[in-house]
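Asks: take a look and give me a structure for this.
(one chain, ligands or ions: 1)
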Amino acid sequence: MCGIVGYVGDRNAYPILIKGLHRLEYRGYDSAGFALVGKNGELNVYKCKGKVSALENFVEGKDVEGSCGIAHTRWATHGEPNSVNAHPHYSCTENIALIHNGIIENWALLKKALIREGYEFKSETDTEVLVNLIEYVRNTNKCSLLDAVRGALKQVIGAYAIAVVEKGREDEIIVARQSSPLVVGIGEGEYFLASDATPIVEYTDKVVYLQDGEIAVLTKNKPLRVVNFDNAECPIDVKKLEMNISELEKGGYKHFMLKEIHEQPKTIMDCLRGRLSPDSYDVILSGVRDNAYRFLSARRIIIVACGTSWHASLIGEHLIEDLCRIPVEVEYASEFRYRNPVLSPEDVVIAVSQSGETADTLAAMSLAKAAGCFVFGICNVIGSSVARASDAGCYIHVGPEISVASTKAFTGQVTVFAMIALTLANTLTRISRDRFEQLSKALLDLPALVQAELDTLDAPIKELAEKFKDSRDFIYIGRGYEFPVALEGALKLKEVSYIHADGYPAAEMKHGPIALIDKTMPVLAIAIPDALYEKTASNVQEVKARGGVVISVVSNDDEMVSKMSDYAIRVPVTDPCLMPVLVSIPLQLFAYYIADAKGLDVDQPRNLAKSVTVE
Ligand code: F6R
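Replies: Numbers count the residues shown, from 1 in each chain. Sure, this is the predicted structure:
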């Protein structure tokens, strides 16, 4: 959580910082601020509660000149979201300013020690402790700022990406990383830094992803220097950034969420491209192919993930067990990491994460690695921590997902799971060549079917959303492959519209939740043509018999469930194991249009952040 951005060079830093903060706002938007070192070396901090736009209003008319600056958008962990707790934080003397993404775990102990040395604190944050610790080390040891940062970080336990500037040093920023992402962009005599590459992409395509335990010195017109905490020089691996600026703009859509929903025909195609041959129908996922023996000899596969990625993983479980007959377990990463799971080197652990930075997922991966498991990553953000911590992996290639509510990453993850299952099933000869080709072809047909859905469903779902925008609660039901889709549909509604929604396996209704049914409790029932269709139809009957209002998601040619329902959303049909992709699209649109009809901030729902880098 929290986004950090910085610039040092000859340009005016303020516009770069503000634009960068807007790009990073998906990471948190409780407060925002920046620090600038001006031409004469003066160090000024500007910060306020609220979004980046509030910060822009706040500094209107103020002097924001300076070509060295750091900026921050916050998702509050320590201390309530207000302007005092907002970053950057000054040290006591106001000589040093610091921004921080992450958590300093031993802040209380360090704070006590600093108070004993006469330090005073204005905020409740762990960050203010760190900036004062740096100042303390600098003053006590009479050392350089770099050595002070090193000395302070050696005493710190926690996760962080930090950037530090100092009064009188308008040509230098010091940055460091431990378990929180940090990218340095290298320009002509200038440097950029950010939590991810999105604020950097329009200035340079040369980037360095800092590793854990590295400190970088960004000095205008000087080569980049990277050292570890013991001051040993570290190798610098400059990567070429492959990112398109247009992917970071709304492209005419009102919100990123709507844009990303509509991008899915393309993103599913991008995910399949180069991996599934439209001629031979063969699937080539090099990360799976090159490690096939690990998967094939696996005692079981354990999938760890959070949130939407966890829902996609449940579909992955169905796909792999269904097609490959390999036992699969899906775990919340946050539970797995703390419950002392039984693991062995014969287990394969798949970590699924859009951002590749989710703290719990990373911790679950470490646990699995320590137990000798083979760890395979499925993520979207290139070069992310999950990608780097995996033994092998597979990107979903859906492009930057800016909306806090995940949509295209979900369908990308399901698409990748389908390709993994097909590859393994084929290698294990658990499915016939005919079935393999049938599913490969169905995967290739998905983008066109999703496009057809978007063309026909967008307007009617907008109308439907208008009818249900004032509902207080919702139940989503589905069975088999569609149960995780029900969970995901309910999560989407909750997070963007703030309507309480629960997902249930349809048959579980009668074990409790059916008590909730009355005419004020709409039930969204997924009843597509699969082996469980008749059974789901009976579950819908049970709801109707108790006066419930039913919105069903049914096939284009459905006759039975659509007749029982108050409203029916009709979707095209493909193989049941790929239907989760086609069913999730209208549920995404439904959540979006309800939130928009309520006038809510769809892309940045309250209390949420896209990248959950704290546990
Ligand atoms: C929901 C959503 C979250 C994320 C979760 C995991 O729309 O976006 O539930 O899915 O925080 O994030 P990643 O996939 O980045 O690990």
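
Asks: and the residue of this protein closest to the ligand?
Replies: As assessed by CB to the nearest ligand atom, the ligand sits closest to Gly307 within the chain, at 1.9 Å. Every residue, glycine included, has its C-beta placed from N, CA and C.

Asks: wait, isn't that residue in contact with Leu491?
Replies: Yes - at 7.0 Å, Gly307 counts as touching Leu491 under the criterion of CB atoms under 8 Å.

Asks: in the stretch 51-200 of the chain, which spans are helices?
Replies: Per DSSP state H, counting those that start in this stretch, the stretch 51-200 of the chain carries helices over the ranges 52-59, 107-116, 126-141, 145-153.

Asks: and the angle for the last one with helix 126-141?
Replies: Orientation of helix 145-153 against helix 126-141 (axes from the mean of the first three to the mean of the last three CA atoms, to 10 degrees) gives an angle of 120 degrees.

Asks: and for the second one?
Replies: Here the directions of helix 107-116 and helix 126-141 differ by 50 degrees (the same axes, to 10 degrees).

Asks: what pLDDT does the model give Ala515?
Replies: Ala515 carries a pLDDT value of 86.

Asks: domain parsing for the protein?
Replies: What automatic domain parsing lists as the domains of the chain is 3-243, 247-431, 457-604.

Asks: which one of those domains lies nearest to Val450?
Replies: Closest to Val450 of the domains of the chain is domain 247-431 (CB to CB; 4.8 Å).

Asks: just how off-centre is the closest one within its chain?
Replies: Distance of domain 247-431 from the chain centroid (CA atoms, centre = their mean, to the nearest Å) equals 13 Å.

Asks: can you get me the start-to-end distance on that domain?
Replies: End-to-end span of domain 247-431 (CA to CA, to the nearest Å): 38 Å.

Asks: which element is Pro15 on?
Replies: Per DSSP states H and E, Pro15 falls inside helix 13-24.

Asks: and the helix or strand following that helix, what does it pack against?
Replies: Going down the chain from helix 13-24, the next helix or strand is strand 31-37, by DSSP H and E. If you count contacts as 3 or more CB pairs under 8 Å, 6 or more residues apart in numbering; DSSP states H and E, strand 31-37 packs onto helix 13-24, strand 43-49, helix 52-59, strand 68-74, strand 96-104, strand 158-166.

Asks: need those in a markdown table (columns: mean neighbour count).
Replies: Listed next are these as a markdown table, based on neighbours: other CB atoms under 10 Å:
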| stretch | mean neighbour count |
| --- | --- |
| helix 13-24 | 23 |
| strand 43-49 | 21 |
| helix 52-59 | 18 |
| strand 68-74 | 30 |
| strand 96-104 | 28 |
| strand 158-166 | 25 |
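
Asks: what ranges do the strands span in the stretch 251-400 of the chain?
Replies: Ranges of strands within the stretch 251-400 of the chain are 300-305, 328-332, 347-353, 374-379, 392-395, based on DSSP state E, counting those that start in this stretch.

Asks: in CSV, list those along with distance to the ligand and mean pLDDT.
Replies: Shown next, in CSV, are those (distance: least, CB to the nearest ligand atom, whole Å; pLDDT from 0 to 100):
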stretch, distance to the ligand, mean pLDDT
strand 300-305, 6, 97
strand 328-332, 10, 97
strand 347-353, 3, 97
strand 374-379, 8, 98
strand 392-395, 13, 96
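
Asks: can you lay out the helices and strands packed on strand 31-37 as a markdown table showing distance to the ligand and mean pLDDT?
Replies: What follows is the helices and strands packed on strand 31-37, written out as a markdown table (distance: least, CB to the nearest ligand atom, whole Å; pLDDT from 0 to 100):
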| stretch | distance to the ligand | mean pLDDT |
| --- | --- | --- |
| helix 13-24 | 15 | 95 |
| strand 43-49 | 24 | 95 |
| helix 52-59 | 20 | 94 |
| strand 68-74 | 17 | 95 |
| strand 96-104 | 15 | 93 |
| strand 158-166 | 15 | 95 |
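
Asks: out of the ones you listed, nearest to Ile528?
Replies: helix 13-24 (38.1 Å).

Asks: can you check what angle separates the closest one from strand 96-104?
Replies: Using the same axes, to 10 degrees: helix 13-24 against strand 96-104 is 10 degrees.

Asks: burial of the nearest residue to Leu444 once chain neighbours are set aside, as a residue count?
Replies: Nearest residue to Leu444 in three dimensions, chain neighbours excluded: Pro278, at 5.7 Å (CB to CB, 6 or more residues apart in numbering). If you count neighbours by other CB atoms under 10 Å, Pro278 ends up with 10.

Asks: surely Pro278 touches Asp445?
Replies: No - Pro278 sits out of contact with Asp445 when judged by CB under 8 Å, with a separation of 10.3 Å.

Asks: A helix includes Val583, no?
Replies: Yes - judged by DSSP: H, G, I helix; E, B strand; the rest coil, Val583 forms part of a helix.

Asks: can you redo the domains of the chain as a markdown table with distance to Gln451?
Replies: As requested, those are exported to a markdown table (distance: least, CB to CB, whole Å):
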| stretch | distance to Gln451 |
| --- | --- |
| domain 3-243 | 24 |
| domain 247-431 | 4 |
| domain 457-604 | 10 |
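
Asks: can you tell which of those domains is closest to Val612?
Replies: Short answer: domain 247-431, nearest of the domains of the chain by CB to CB, at 5.2 Å.

Asks: can you tell me which of the helices of the stretch 51-200 of the chain is most buried?
Replies: helix 126-141 (a mean of 23; mean count of other CB atoms under 10 Å).

Asks: can you give me the angle that one makes with strand 68-74?
Replies: 150 degrees.

Asks: helix 126-141 to strand 158-166, inter-axis angle?
Replies: Using the same axes, to 10 degrees: helix 126-141 against strand 158-166 is 60 degrees.

Asks: quick one: distance of helix 126-141 to the chain centre.
Replies: Counting by CA atoms, centre = their mean, helix 126-141 comes out at 32 Å from the chain centroid.

Asks: how much space between the residue of the chain closest to the ligand and Glu249?
Replies: 25 Å (CB to CB, to the nearest Å).

Asks: more neighbours: these two, which one.
Replies: Gly307 (22 against 13).

Asks: ok, that one - contacts?
Replies: By CB atoms under 8 Å, 6 or more residues apart in numbering, the contact list for Gly307 reads 406, 491, 612.

Asks: how many other residues sit next to Asn380?
Replies: Asn380: 28 neighbours (other CB under 10 Å).

Asks: sorry, that was for Ser297
Replies: Around Ser297 there are 10 residues (other CB under 10 Å).

Asks: could you measure from the nearest residue to it once chain neighbours are set aside over to Asp518?
Replies: Nearest residue to Ser297 in three dimensions, chain neighbours excluded: Glu346, at 6.7 Å (CB to CB, 6+ apart). Distance of Glu346 to Asp518, given as CB to CB: 51 Å.
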